[in-house]
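Trainee: Quick check, what structure comes out for this input:
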Amino acid sequence: MFRPEKIDHLGIAVHSIEATLPIYTNGIGLPVIHEEIIEDQKVRAVFLEVGESCVELLEPTSPDSPIAKFLETKGQGIHHVAYAVENIEAALAHAKEQGYRLIDEKPRKGGHGKMIAFLHPKDTHGVLTEFCMRIED
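Mentor: As a prediction, this is how the structure comes out:
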């Protein structure tokens, strides 16, 4: 039976990482462990470690990025929940077999050395759900 390994990270959409980062580093005490620009998603991502999971701050780098559109309609806040899986293709096949609509039929490169794929939030009670699998250490 398919089962995710853990919650890998919570993605949080923000207008400005610089303005938001002190909340998570100074206020909550989470260390920054990774930062990158993900060109094809038009987003700047900063990962903060909390136990075995992360918080991922997402800032749009372009007005036409999916995160910019999310911020326009929903404002700042939780964007997605990401589950770590051992085999992302098997996770997608299982989800499709269960009748979930896939935003990504095939995995694609995401941030922090992972392959990612999303399920449609209309099938998960409004929660954008991501499967991710580490490909780099």
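
Trainee: Please count neighbours and contacts with C-alpha atoms only from this point.
Mentor: Noted.

Trainee: hmm, who's touching the helix or strand hosting His94?
Mentor: For His94, the element it lies in under DSSP states H and E is helix 88-97. Helix 88-97 has contacts (C-alpha atoms under 8 Å, 6 or more residues apart in numbering) with 2, 85, 101-102, 105-107, 115-117, 119, 131-133.

Trainee: Please repeat the previous calculation with a cut-off of 10 Å.
Mentor: With C-alpha atoms under 10 Å, 6 or more residues apart in numbering as the test, helix 88-97 has contacts from 1-4, 84-85, 98-102, 104-107, 115-119, 131-134.

Trainee: I'd like the average pLDDT over whichever helix or strand comes after that helix.
Mentor: Scanning forward in sequence from helix 88-97 by DSSP H and E, the next helix or strand is strand 108-109. The pLDDT scores in strand 108-109 average 95.

Trainee: Then stretch 47-67?
Mentor: Mean pLDDT, stretch 47-67: 97.

Trainee: returning to what we had before: now list the buried members of the contacts of helix 88-97.
Mentor: Buried subset of the contacts of helix 88-97 (neighbour count, 16 or more other C-alpha atoms under 10 Å): 4, 84-85, 100-102, 107, 115-119, 131-134.

Trainee: Among the residues you listed, name the ones in strands.
Mentor: If you go by DSSP state E, the buried ones among the contacts of helix 88-97 have Ala84, Met115, Ile116, Ala117, Phe118, Leu119, Phe131, Cys132, Met133, Arg134 in strands.

Trainee: Would you map the helices across this protein?
Mentor: Along the chain, the stretches classed as helices by DSSP state H are 17-22, 66-74, 88-97.

Trainee: Tell me which of those lies nearest to Leu48.
Mentor: Among these, the nearest to Leu48 by C-alpha to C-alpha is helix 17-22 (9.3 Å).

Trainee: Just the CA atoms of the closest one, as PDB, please.
Mentor: What follows is helix 17-22, C-alpha atoms only, in PDB (Å, rounded to 0.1, in the frame of the first residue of the first chain):
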ATOM      1  CA  ILE A  17      11.000  37.000   1.900                       C
ATOM      2  CA  GLU A  18      13.100  39.800   3.500                       C
ATOM      3  CA  ALA A  19      10.000  41.100   5.400                       C
ATOM      4  CA  THR A  20       8.900  37.700   6.400                       C
ATOM      5  CA  LEU A  21      12.100  35.900   7.300                       C
ATOM      6  CA  PRO A  22      12.700  37.500  10.700                       C
END
